[in-house]
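*Asks:* fold the following, please.
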Amino acid sequence: MISKINLENILFLDIETVPETQHFSDLDETKQALWEQKSQYQRKDDFTAEEFYDRAGIWAEFGKIVCISVGYFAFKGDIRTFRVTSFFGDEVTLLKDFKNLLNTHFNTPYHLLCGHNAKEFDFPYIARRMIINGIELPHKLNLFGKKPWEVPHIDTLELWKFGDFKSYTSLKLLTNVLGVPSPKDDIDGSEVYRVYYEENEIDRIVIYCEKDTIAVAQIFLRLRGDELLTDDEIIHI
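*Replies:* So this is what the prediction gives:
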C-alpha cells in the first residue's frame with residue numbers, strides 16, 4: 001500500500017534530454033549510419049535520418065541529459081514542505097552531483113526513487129548515460145541481479161495502470177484528470193531541443209523540469225488520497 005510509505009523516504013525526479021549534438025552533420029559517419037539504422041522503424045519513410053534527428057534525445061545512445069530535477073518532502077511537526085532543486089549544465093558534472101545526492105541522502109534500503117514513466121525512461125536513461133560517461137552506478141540505479149520486488153523504484157504511470165499494460169497515460173493527461181496543476185504551461189518535451197540549442201535558455205528547461213517533478217509528487221499524493229501541495233509548501237533551493 002503506497003499510503004504506508006513514508007513520504008520523506010521518496011526522491012521524486014524528472015529529466016530533460018536533447019540530442020548529443022545540435023546537428024546531424026556534427027556526428028561522425030559511423031554514428032550517422034547507426035542513427036539511421038536505429039531510427040528507421042520510428043521514422044519509416046516519412047523523414048530522412050537527418051530530418052528526424054531533433055528527436056534523438058529520446059535514446060541514451062544518441063542523446064544527453066541537460067537537467068535532472070529532484071524533489072523531496074520534509075516534515076517539522078504539522079508543517080509539510082516539498083523541496084525542489086536541479087542539476088543542470090555539463091552532463092558529467094550533473095550526473096556526478098546527482099549520484100552524490102543519492103549516495104549521501106537517499107542510500108538506505110527504505111529510500112525510493114519516483115517518476116512518471118521513469119522505469120521505462122528516466123531511470124534507465126540516467127544509468128546508461130552514467131555508464132557511457134564512465135561513472136560507476138549508485139546503488140539505487142544498479143539493478144543487476146535484483147528481483148522485481150527489490151527494485152527501489154516507483155512509477156506513477158505504473159501505479160495508474162492498475163495492472164493494465166495496454167495503454168500509456170501522459171503526465172499532462174494524468175494531471176488534468178486528477179485535478180493537479182498542469183506543468184505544461186510554457187514548453188513541452190518536444191520543444192526542449194529548440195529551447196536548448198537554438199535559444200540557449202537552460203533556465204526555461206530547468207523550470208519546466210522542476211514543474212514536472214512537482215507534478216509527479218502531486219499525482220503520488222492524489223493516488224494516496226492526501227491533500228495536494230499548495231504553493232507556499234513548495235520551496236525551490
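*Asks:* what segments of this protein are strands?
*Replies:* For the chain, applying DSSP state E gives strands covering 10-19, 63-76, 79-88, 112-115, 153-155, 234-236.
*Asks:* including distance to F162, could these go into JSON lines?
*Replies:* No exception for glycine: its C-beta is placed from N, CA and C like everyone else's. Output for these, formatted as JSON lines (distance: least, C-beta to C-beta, whole Å):
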{"stretch": "strand 10-19", "distance to F162": "20"}
{"stretch": "strand 63-76", "distance to F162": "24"}
{"stretch": "strand 79-88", "distance to F162": "26"}
{"stretch": "strand 112-115", "distance to F162": "17"}
{"stretch": "strand 153-155", "distance to F162": "13"}
{"stretch": "strand 234-236", "distance to F162": "28"}
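*Asks:* ok, now how distant is the closest residue to I237 other than its chain neighbours from N133?
*Replies:* In this structure, I237 finds its nearest non-sequential neighbour in T85, 4.8 Å apart by C-beta to C-beta, 6 or more residues apart in numbering. Distance of T85 to N133, computed by C-beta to C-beta, to the nearest Å: 21 Å.
*Asks:* now do stretch 166-178: everything it contacts.
*Replies:* 116-117, 156-157, 160-161, 180-184, 188, 212, 215-216, 218-219, 222 (C-beta atoms under 8 Å, 6 or more residues apart in numbering).
*Asks:* biggest helix in the chain by residues?
*Replies:* helix 202-224 (DSSP state H).
*Asks:* what about the nearest residue to N133 once chain neighbours are set aside, neighbour count?
*Replies:* Spatial nearest neighbour of N133, excluding adjacent residues (C-beta to C-beta, 6+ apart): V92 at 5.2 Å. For V92, the neighbour count with other C-beta atoms under 10 Å is 14.
*Asks:* next, count neighbours for the residue lying closest to I202 once chain neighbours are set aside.
*Replies:* Counting by C-beta to C-beta, 6+ apart, I202 lies nearest to F88, which is 5.9 Å off, once chain neighbours are set aside. Using other C-beta under 10 Å, F88 has 19 neighbouring residues.
*Asks:* tell me how far F88 lies from D97.
*Replies:* To D97, F88 is 10 Å away according to C-beta to C-beta.
*Asks:* what's the answer for A60, then?
*Replies:* From A60 to D97 the distance is 19 Å (C-beta to C-beta).
*Asks:* of these two, which one has the most company?
*Replies:* Each of A60 and D97 has its neighbours counted (other C-beta under 10 Å); A60 has more, 20 against 16.
*Asks:* so who does the more buried one touch?
*Replies:* By C-beta under 8 Å, 6+ apart, the neighbours of A60 are 17, 124-125, 128-129, 132.
*Asks:* turn these into CSV, columns for distance to D26 and neighbour count.
*Replies:* Below are these laid out as CSV (distance: C-beta to C-beta, whole Å; neighbours: other C-beta atoms under 10 Å):
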residue, distance to D26, neighbour count
T17, 17, 27
P124, 25, 14
Y125, 21, 20
R128, 21, 17
R129, 18, 22
I132, 17, 14
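*Asks:* ok, so of the residues you listed, who is nearest K146?
*Replies:* Within the contacts of A60, proximity to K146 (C-beta to C-beta) peaks at P124, which comes in at 13.5 Å.
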